[in-house]
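> please work out how this folds:
(2 chains)
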Amino acid sequence: MKSKIFTYINVSTQPRPDGSMAGTSVIVESGISVANWPGNAQSVALENYVALEDATLIQHLRNAGANLKGRTFMAELGLGLDRDTCGDAINSGLSDVALKTDTTGEARMAATASGCFGFKPSYGLISRFGLFSLIPSMESCGIISRSLETISKTIYTMAGLDERDPSMDKSGIDRAMSQFNHPKEFQDCPLTVGLVRELNSAMGHEGNKEFEQACEKLGKAGVQIKEVSIKDFSLARTSHNVIGTVEASSSAGRFDGVRYGHRTGTLVKNWNEMYIKSRGESFGPLVKAYLFQGGYFQYKNYNAFLDACRIRASLIETVEKAFETVDMIILPVSDKPCATTQKPDTVSDFYDVFSLTLLANLTGNPAISIPGPVNDGNTRSALQLIGQRVDDARLLALAARISDIYTGEMHHEI
Amino acid sequence: MKYEAVIGLEIHIQLNSATKMFCDCANNPGDDPNTNVCPVCLWMPGALPILSLEVLEKAILACLSLNCEVQGESAFDQKVYYYPDLPKGFQLSQAHKPLARNGWVEILDEQGNLKKLRLHHVHMEEDVAKLVHEIEGRVPISLVDFNRAGTPLVEVVTEPELKSPHDAMEFLKVLRNQVRYTGCAECSMESGTMRCDANISIRPAGSDQLNTKVEIKNMNSIHHVGDAIAYEIKRQIDSVNNKEPIVLHTRLWDPEKHVTTAMRGKFEGPCIPDPSVPLIVLTNSWLEKIKSLLPEMPSQKVKRFVRDYSLLHDEAVLMSSERGLSEFFESVVTLGARARMAAGRIATQLLPSLKAHGQTLANTKVTPERFAGLIQLLEKGEINSSSAKSVLEKLFETDKTPGQIVEQFGFRQVSDTAELEKIVDKIISDNVSAVTNYKAGNKKSMGFLVGQAMKASKGKANPKVIQEIIKKQLA
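Next up is the predicted model:
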């Protein structure tokens, strides 16, 4: 019988019995390479594609004894959460951890929908070698789990300098890793969280009541809430949209049917026709729309791309500045309650869903979603915390404290 | 109306690094098809480009040899277009932040005056794969060889200030020599390690407007570049005279028919910053270290050879034309040979002999030590000029020293007057008419008589002594 959750179940390799990840089961999204596993990223463009090598982070997990269970359903090429089943796998007790590339907020959003924690590490902390999302400058291996300790342990295992990933910075990684060894430092310190002044105007309405209540609760528990200004906050979505589509258009260029993946079966007269037919048959409607927009900015409106890059640079700067006065920035994960699956028809629908998670992808900061209570209609709210670059361990430790207050339970000690 | 040409060149130079630009595959495009490939240069999902330090160093040396300002910051862009020889829908190149700007080289113009030609910039880019079209069968197929995909190139872009086919050819020769000197590239248009595209437009002589240009490709020798440019200038002038508009497009040079033919509209795809290859930031100290690796350039060497070794300008130019040759020459001189004689013998005898033996200075038995020994024997008068040629031949064949060769094969010059007088006496009595002519004032007859005497001595006589004896005898 075909699984409704798994697209591939690993029965061929047994985990090592020892190591820090022994006994922890991990499911791996198809956009992360695992040697000899099918890796089509749910796209016809990569039909029958099997990776030759492990992603570096998979190699680390193997060495630490993690039980690599298999692959779950995902949206085509990791764009959004259509048909995604990684949360179901965790909720059904089939896995402790799900790995999901996060370029727009996918890991945090999928976690929220299934009541898990979802973590997006700092850009460059975990090697990108073997990851193939559409947006390289924003991609990060997201980790979804019910347990913050497990998330912390998983990141610590996967992180580290990799000579095959040119985007990594040794001094930042060293700093991040040393923090993981001293988590107790963050347990009792006073806590200040930053509330983005421009949040309501960016969402275009008076405010999100549940989010405000959650912040009040934190304030009563002794957390200092402080307003911070992130000048171009409302432009983050546009900036992500322009840069994301442009990078996607280039990244998908390799899916041309020449060396691997799908090539049209119809007779063609020349190269161009082969490309047009093969690629036309390869991608679904959302990916196509996304690539078209990128092509538009590449060919017809390069200045919009330059503007988007300037906005991104300014966001990185103002977010950095905000951390001079606060320990982390707090945001809702979503303006609207999260449903378990979303099937956006247009790029605009897609960005509606991820409008509040994409900031951390643009700036490269670590971010975590903390699941809240289930609302009416079986939806769920969640808080999102954004930490300083490479302060991933600290963010996780502080997230445990915030989560305890937010949900009223003692969660964990990291 | 009189027209003048405005010419700009774009030259691609293949660097000879051990590996490709962004992966560890061997940089040997000529190997069996698709043997030098890996997930990175085939752009499998998840592969990331890692810029080779050796490629960067060699690219910078090439820039320095062309007097460029190497930029403290440069970056790779994606040149987007779709073609099966390009394995990822874009070519990694440097469009917005090139490695170096503002270089120049000096050439001699048609009047023999020095002329400075400026370079706009030099950037790095990866080469593309090679397509092989099989059109013989029932269904034509095209095959792709990815050995060349990702191999390193630098592209040199000149300012549009070349005026003639002469300028272009001289420019390419100087460029080739200077880059070759660094040892970073072979720079052979014939073997495709240097490729040149020319952008040509015309305008009324003396004006400063820049008109629509036409791009020409597919020239695979420096002479073809000159021929193609000459053809294209004439074609454009004819077009304008016939009131036909010049449109922006690309033409291919046909080396057999000696014409250019229209290929396609010139394609300008978008160039966007690549998100995976990091910004290249050069520290001053590192750049200084690379600068210290730059060898003396040919033009400096010419000046020094004239100054230190008293070579004539043309001799110095020849001895500096290739780095290996210049180093050979200097070694020979350092080992004690007289500079001008060494330069002359290298040019007129050694280089032709090497060519005849199919050897190069790098792989021949004729080392600077042995060649210097030969020159010294000549200088001391122990052998004469014609024996020197024979000794040189023997140097190719055996490992013996020139002195041993002279002894073994009896090439020693005979300067003993008594011995030579006997030979001269016989020549004079055997060639009565030549003697009569000489006495009647025909100077050429002397040459004939000396030649006869040399022949009689089996080439071993000292020609100067022979001449003196003949003069004395016939006085």
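
> from now on I want contacts and neighbour counts done on CA atoms only, so please keep to that.
Will do.

> residues of the helix or strand that residue A:280 is a member of that come out buried?
Per DSSP states H and E, residue A:280 falls inside helix A:271-282. By 16 or more other Cα atoms under 10 Å in any protein chain shown, the buried positions in helix A:271-282 come out as A:274-275, A:277-279, A:282.

> farthest pair within those residues?
A:274 and A:282 (11.9 Å; Cα to Cα).

> hey, which helix is longest across the chain?
No chain specified, so I'll use chain A. When chain A is parsed with DSSP state H, its longest helix is helix A:302-322.

> my question was about chain B
Longest helix in chain B, counting by DSSP H: helix B:222-241.

> circling back to that earlier point, can I get the buried residues of helix A:271-282 in TSV with pLDDT and distance to chain B?
What follows is those, written out as TSV (pLDDT from 0 to 100; distance: Cα to the nearest Cα, whole Å):
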residue	pLDDT	distance to chain B
A:274	91	10
A:275	91	8
A:277	95	14
A:278	95	13
A:279	95	12
A:282	95	15
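
> wait, isn't residue B:58 in contact with residue B:14?
No - using Cα atoms under 8 Å, residue B:58 is not in contact with residue B:14; the gap is 10.4 Å.

> between those two, who's got more neighbours?
More crowded of residue B:58 and residue B:14, by other Cα atoms under 10 Å in any protein chain shown: residue B:14, with 25 against 22.

> and the residue most central in space within chain A, what pLDDT?
With distances taken as Cα atoms, centre = their mean, residue A:102 lies nearest the centre of chain A, 2.0 Å away. Residue A:102 carries a pLDDT score of 97 in this model.

> hey, what's it bridged with?
Bridge pairing for residue A:102 (DSSP bridges) gives the partners residue A:140.

> ok, it to residue A:8 distance?
21 Å (Cα to Cα, to the nearest Å).

> same thing with residue B:94?
From residue B:94 to residue A:8 the distance is 41 Å (Cα to Cα).

> more neighbours, the two?
residue B:94 (25 against 19).

> domain ranges for chain B?
Listed domain ranges for chain B are B:3-284, B:297-409, B:417-474 (source: automatic domain parsing).

> how about these in TSV, adding mean pLDDT and distance to residue A:346?
Shown next, in TSV, are those (pLDDT from 0 to 100; distance: least, Cα to Cα, whole Å):
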stretch	mean pLDDT	distance to residue A:346
domain B:3-284	93	25
domain B:297-409	90	60
domain B:417-474	83	95
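
> and among the ones you listed, the most buried is which?
Highest mean neighbour count among the domains of chain B (mean count of other Cα atoms under 10 Å in any protein chain shown): domain B:3-284, with a mean of 19.

> end-to-end on that domain?
Using Cα to Cα, one end of domain B:3-284 lies 46 Å from the other.

> could you do stretch B:410-420 as well?
So stretch B:410-420: terminal residues 16 Å apart, Cα to Cα.

> list the contacts of it.
B:381-384, B:387, B:391, B:405-406, B:460-462, B:465-466 (Cα atoms under 8 Å, 6 or more residues apart in numbering or on different chains).

> equivalent analysis for stretch B:352-366, please.
Contact partners of stretch B:352-366, identified using Cα under 8 Å, 6+ apart, comprise B:324-325, B:328, B:367, B:393, B:395-396, B:399.

> inside helices: which ones of those residues?
Using DSSP H, the contacts of stretch B:352-366 in helices are B:324-325, B:328, B:393, B:395-396.

> for those, give me a markdown table that also has distance to chain A.
Formatted as a markdown table, the ones in helices among the contacts of stretch B:352-366 follow (distance: Cα to the nearest Cα, whole Å):
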| residue | distance to chain A |
| --- | --- |
| B:324 | 37 |
| B:325 | 41 |
| B:328 | 42 |
| B:393 | 55 |
| B:395 | 52 |
| B:396 | 50 |
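
> which pair of these spans the longest distance?
B:324 and B:393 (21.1 Å).

> wait, doesn't residue B:369 sit right on residue B:334?
No - in this structure, residue B:369 is not within contact of residue B:334 by Cα under 8 Å, at 9.7 Å.

> quick one: the residue nearest to the centre of chain A and residue A:141 touch, right?
Yes - counting by Cα under 8 Å, residue A:102 does reach residue A:141; the two are 6.0 Å apart.

> thinking again about what came up before, nearest to chain A among the contacts of stretch B:410-420?
Nearest to chain A among the contacts of stretch B:410-420, counting by Cα to the nearest Cα, is residue B:391 at 57.3 Å.

> give the other helices and strands that the strand or helix carrying the closest one contacts.
Taking DSSP H and E as the criterion, residue B:391 maps to helix B:385-397. Judged by 3 or more Cα pairs under 8 Å, 6 or more residues apart in numbering or on different chains; DSSP states H and E, the packing partners of helix B:385-397 are helix B:368-379, helix B:402-409.

> hmm, try it at 7 Å
helix B:402-409 (3 or more Cα pairs under 7 Å, 6 or more residues apart in numbering or on different chains; DSSP states H and E).

> who are the packing partners of the helix it packs on?
Here helix B:402-409 touches helix B:368-379, helix B:385-397, going by 3+ Cα pairs under 7 Å, 6+ apart.

> show residues contacting the longest one.
Residues outside helix B:385-397 that contact it (Cα atoms under 7 Å, 6 or more residues apart in numbering or on different chains) are B:365-366, B:378, B:402, B:405-406, B:411, B:459-460.
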